[in-house]
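Participant: Sequence and predicted model, in that order:
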Amino acid sequence: MATTLYVLHLLGAVVWVGGMAFAILMLRPAAHEALEPPQRIALMEGVFRRFFRMLWHVVPVVILTGWAMWIGWYWGFAASIWHVHAMHLAGLGMAGVFLFVALGPWARMRAAVAAGDRAAAAAALDTIRKAVTFNLMLGLLTVAVAGWGRFGG
Ligand code: HEM
C-alpha cells in the first residue's frame, strides 16, 4: 500500500510539473513562432482546457497521497523531517496557484473566447502564463528539495 501511494505521488508530480514544463518551454514559444494571435489563442485554449481538466484529478492525487504518506510514515508534524515539511508547504502553495489560475484568469479567458473578445483573452492568457511559469519553478524546486532531502541528507 505504501509503495502504491509513493508511486501515485511520483506519477502525479511528474505529470503536473512535466506538463507545465512542456507548455511553457516548448509549446508556447513554438506557437508564437508559427501562429497568428487568433490561432495561438485557440491553440492555447485547447491545450489548457485539457491540461487543467486533468489537473483537477492529478492535484488531489498528489496532495492526498502526500498526506497519507506523511501521516502513515512520519506521523505528521511530530516526526517528519525537513524536506517533507518543505514539500508540504510548496505543494499547498502550488495547489493554491492552480486554484487561482483555474478560477480566475482561466475562467476569464474562456468567457472572453466565447464572447469573441480577443484582447481580453490574450490578457488572461498572459496572466495564466506568468502563474504557470511561477508554479513550474516552484515545482522544480520542490522536486529538487524532495530528492535532496531523501538522498542528500
Ligand atoms: C501536500 C503536499 C505534499 C506532501 C504532504 C508530500 C509528502 C511526501 C512524502 C511523505 C514523501 C515521502 C518522503 C520520503 O520518504 O523521503 C514524498 C515524496 C516525494 N514527493 Fe511529495 N508531498 C507533497 C507534495 C509534493 C509535490 C507538489 C511534489 C512535486 C512537485 C512532490 C514530489 C515528491 C517527490 C519527487 C518525492 C520522492 C522523493 C522523496 O521521497 O523525498 N511532493 N512526498
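Facilitator: Happy to help now that I have it.

Participant: Next, see if stretch 63-79 gets close to the ligand.
Facilitator: Yes. Interface with the ligand: stretch 63-79 contributes 63, 66, 67, 69, 70, 73 (C-beta under 6 Å from any ligand atom). For the C-beta atoms, the positions are set from N, CA and C on the backbone; glycine is no exception.

Participant: what is the mean pLDDT for that stretch?
Facilitator: Averaged over stretch 63-79, pLDDT sits at 84.

Participant: And stretch 20-39, by the same measure?
Facilitator: The pLDDT scores in stretch 20-39 average 97.

Participant: now that stretch: how far from the chain's centre is it?
Facilitator: Relative to its chain's centre, stretch 20-39 lies at 18 Å (C-alpha atoms, centre = their mean, to the nearest Å).

Participant: Quickly name whichever of the residues of stretch 63-79 next to the ligand is closest to the ligand.
Facilitator: Taking C-beta to the nearest ligand atom as the measure, residue 66 is the one of those closest to the ligand, at 2.4 Å.

Participant: give me the number of residues near that closest one?
Facilitator: 22 (other C-beta atoms under 10 Å).

Participant: so what's it up against?
Facilitator: Neighbour list for residue 66: 9, 87, 88, 91 [criterion: C-beta atoms under 8 Å, 6 or more residues apart in numbering].

Participant: Mind checking what helix or strand follows the longest helix along the chain in sequence?
Facilitator: Identified as the longest helix of the chain according to DSSP state H is helix 37-74. Moving toward the C-terminus from helix 37-74, the next helix or strand (DSSP states H and E) is helix 82-103.

Participant: what is the orientation angle of the longest helix of the chain with helix 82-103?
Facilitator: 150 degrees (axes from the mean of the first three to the mean of the last three C-alpha atoms, to 10 degrees).

Participant: show me what contacts the closest residue to residue 90 other than its chain neighbours?
Facilitator: Sequence neighbours aside, residue 142 is the residue nearest to residue 90 in space, at 4.2 Å (criterion: C-beta to C-beta, 6 or more residues apart in numbering). Taking C-beta under 8 Å, 6+ apart, we find residue 142 in contact with 13, 17, 86, 87, 90, 91, 94.

Participant: where does this protein have low pLDDT?
Facilitator: Scanning the chain for pLDDT under 70 picks out 76-80, 153.

Participant: Around the ligand, pick out the residues from it.
Facilitator: Checking the chain against the ligand by C-beta under 6 Å from any ligand atom, the hits are 9-10, 13, 17, 62-63, 66-67, 69-70, 73, 83-84, 87-88, 91-92, 94, 139, 142-143, 146-147, 149-150.
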